[in-house]
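S.K.: output the structure for:
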Amino acid sequence: MKKQKHQDDVYLASRLFLAAFAGAISYFAFPRPGLWPVIFVSVALFFVAVRGATLFRAWLVGLVGGFTFFASQCWWLSQYLGPLPLVALSLLQALFVAAAMLVFEAGRRRIAAPMLQALFFASIWTAREWVSTHWPYGGFPWSRLSMSQAYSPLSGWVYFGGLSMLSFVIALLSALLVVLAPKLIASTTRNRALQITVGAIILAFLVPLAVPASQGVGEKFRVVGIQGNANAGLFANTVPGEILGNHLAVTEKFIHSKISGAKLVVWPENASDINPLENPPIAARIDRLVNQELGVPLVLGTLTNSGLDTFNSSLLWQPTVGVTDQYDKKRPVPFAEYVPDRDFWYPIAPSLIGMIYRGFSMGTRDPIYEVDGKRFGVLICFEIAVDEIAQGIVDGGAQAIISQTNNADFGHSDESFQQIAIAKLRSIETGLPLINVSTTGPSGAFSGSGETLALVAAFEPRFFVADLPLRHSDTPAMSWGRYFDILNIALATALILLVEWRRRRKLS
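M.R.: Numbers count the residues shown, from 1 in each chain. The predicted structure is shown next:
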């Protein structure tokens, strides 16, 4: 009995070690390391660690692996706020992974065919991503498998089915490699046909999907991005007007460059640390910049107020007329830009919650700016990772996307590199050109086909010029791919019901 218990303990420890290792190495697949093939190894090891475990052990495998999965990729959360937010977020997300692994193992036991087990695993993993990105408080729309593939040949999958479809493909391929590896390795004549068939299936998934060249074609619209390299973090100890001064200085460099043809200038999120709507001298300075120096519209980020509400806002400042439109961030980040249920959380972590003294309200304005008869969809910072925001921009008839962000809180970490990779995937998914302008960078622009139109390094005061090929979105991802998550959940449910029906039919 003692020997059996010892073997069980060793077996469990092996599973947990494998899961922890699988989660930890996922870090290398995401930018900045960007070794995208590593994600297949990570997910395959997850599959090996959980398959065949007891239900409790499957849950434990998911908890341990899920924690290292998120903690390794999102360590940038601890840059200014310490380890507590990182631990709390990673643990919460790990609970979702644990629940998903429990559901997978419970369902797998009723599925005899290994390839169907792989299909079920991919479906459950993708469904877990959907839950994590929507709940609680709007979810954490980061660290999806697909977000590791911005610079891989597989990025074209998002054109056809969005980020969720690419995550599904990655999970399915990873699990298939595990269940079919023994048969693929075997060299008997009987297995040769299977080897060829399976090899063809896997290659079909791995062959780069070509995004139509037409996605990068459209009427050229020259846009200038201004990266001020400003210390614009939430807890930055700057002199009022200093951040605005950084962006004015870089804009002056662009003006002196004598580059012609610009039709729009974009500053990042929080580019003006003084609200020009409430400060006449600042308003006059920006008005002079737009009217006398630039002669073209300016999009800038600042904080605005309306009654008791404070918004993280973007303003469209037009020559001769001033501010003609405003977009307020619809999805402020919980526990960073506001504290949901503050009365509940404050006693648990008073020092941390006390630091977030200001709460931003959720915006309700439409995200479309009209400039020179053209329609631009606007989003702010983490909204680049929210599927519904991108879909709303497309539904609003946008011909290009303006993404304004402030990465100063995350220092020299990987966060900003992960974010600009997501921006590239969004451009491919929507088929729209996209300009991503950051306070600290990196900043850049992409065509609707994913081609890099401009890119500037982080922590440099720089401007860049991009000729955006304006067009309307017509990608499969934006027409039917937005329903992939619903179809996926239906698929997982149908698979379980079918297997259960067949099992009961055999028993009767």
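S.K.: CA only for contacts and neighbour counts going forward, please
M.R.: Will do.
S.K.: from the contact counts, what lies against the longest helix seen in the chain?
M.R.: Secondary structure of the chain per DSSP state H: the longest helix is helix 157-185. Using 3 or more C-alpha pairs under 8 Å, 6 or more residues apart in numbering; DSSP states H and E as the contact test, the elements touching helix 157-185 are helix 38-50, helix 114-132, helix 189-206, helix 415-430, helix 476-479, helix 484-507.
S.K.: quick check: buried residues in that helix?
M.R.: Buried residues in helix 157-185, defined by neighbour count with 16 or more other C-alpha atoms under 10 Å: 157-180, 184.
S.K.: so for it, mean pLDDT?
M.R.: Summarised as a single mean, pLDDT over helix 157-185 is 90.
S.K.: begin at 35 from here
M.R.: In the new numbering, first residue 35, that becomes helix 191-219.
S.K.: now that helix, how far from the chain's geometric center?
M.R.: 20 Å (C-alpha atoms, centre = their mean, to the nearest Å).
S.K.: what angle sits between it and helix 518-541?
M.R.: For helix 191-219 against helix 518-541, the angle by axes from the mean of the first three to the mean of the last three C-alpha atoms, to 10 degrees is 40 degrees.
S.K.: how about the helices in the stretch 235-384 of the chain?
M.R.: Here the stretch 235-384 of the chain has its helices, by DSSP state H, counting those that start in this stretch, at 276-291, 314-322, 376-379, 384-389.
S.K.: so how far is the next helix or strand along the chain from the last one from its chain's centroid?
M.R.: When you say that, I think you mean helix 384-389. Using DSSP states H and E, the helix or strand that follows helix 384-389 towards the C-terminus is strand 402-405. Distance, stretch centre to chain centre, for strand 402-405: 24 Å (C-alpha atoms, centre = their mean).
S.K.: what score does Q41 have for pLDDT?
M.R.: Model confidence at Q41, given as pLDDT, is 53.
S.K.: sec struct for S112, please.
M.R.: helix (DSSP: H, G, I helix; E, B strand; the rest coil).
S.K.: just give the nearest non-adjacent residue to it, would you?
M.R.: Spatially, and ignoring its direct neighbours in sequence, S112 is nearest to L120 (5.9 Å; C-alpha to C-alpha, 6 or more residues apart in numbering).
S.K.: and the helix or strand containing the one you found, average pLDDT?
M.R.: Assessed by DSSP H and E, L120 sits inside helix 117-142. Here helix 117-142 scores 94 as its mean pLDDT.
S.K.: mind listing what's buried in it?
M.R.: Neighbour counts over helix 117-142 (16+ other C-alpha under 10 Å) mark 119-121, 123-142 as buried.
S.K.: and for stretch 508-524?
M.R.: T509, P510, A511, M512, S513, G515, R516, F518, D519, N522, I523.
S.K.: which of those lies closest to E422?
M.R.: R516 (8.7 Å; C-alpha to C-alpha).
S.K.: which residues are contacting stretch 273-284?
M.R.: 260-266, 301, 305-308, 495-497 (C-alpha atoms under 8 Å, 6 or more residues apart in numbering).
S.K.: which one of the residues you listed is nearest to R505?
M.R.: When the contacts of stretch 273-284 are ranked by distance to R505 (C-alpha to C-alpha), W301 comes first, at 22.5 Å.
S.K.: my guess is that closest one contacts L334. True?
M.R.: Yes - the criterion here is C-alpha atoms under 8 Å, and W301 meets it with L334 at 4.7 Å.
S.K.: more neighbours: which of these two?
M.R.: W301 (31 against 23; other C-alpha atoms under 10 Å).
S.K.: which residues touch that one?
M.R.: W301 sits next to G259, I260, Q261, H281, L332, V333, L334, G335, Q438, V471, S472 when contact means C-alpha under 8 Å, 6+ apart.
S.K.: residues contacting the first one?
M.R.: Meaning G259. G259 touches V299, V300, W301, I469, N470, V471, S477, G478, F497, F498, V499, A500, counting by C-alpha under 8 Å, 6+ apart.
S.K.: do the second one as well
M.R.: With contacts taken as C-alpha under 8 Å, 6+ apart, I260 has the following neighbours: H281, V284, T285, V299, V300, W301, P302, V471, R496, F497, F498.
S.K.: can you do 6 Å?
M.R.: The contact partners of I260, by C-alpha atoms under 6 Å, 6 or more residues apart in numbering, come to W301, F497.
S.K.: now it: how far from E494?
M.R.: Computed as C-alpha to C-alpha, to the nearest Å, the I260 to E494 distance reads 11 Å.
S.K.: go ahead and flag the most central residue of the protein.
M.R.: Geometric centre of the chain, nearest residue: A419, 3.5 Å, by C-alpha atoms, centre = their mean.
S.K.: P381: how many residues sit nearby?
M.R.: 10.
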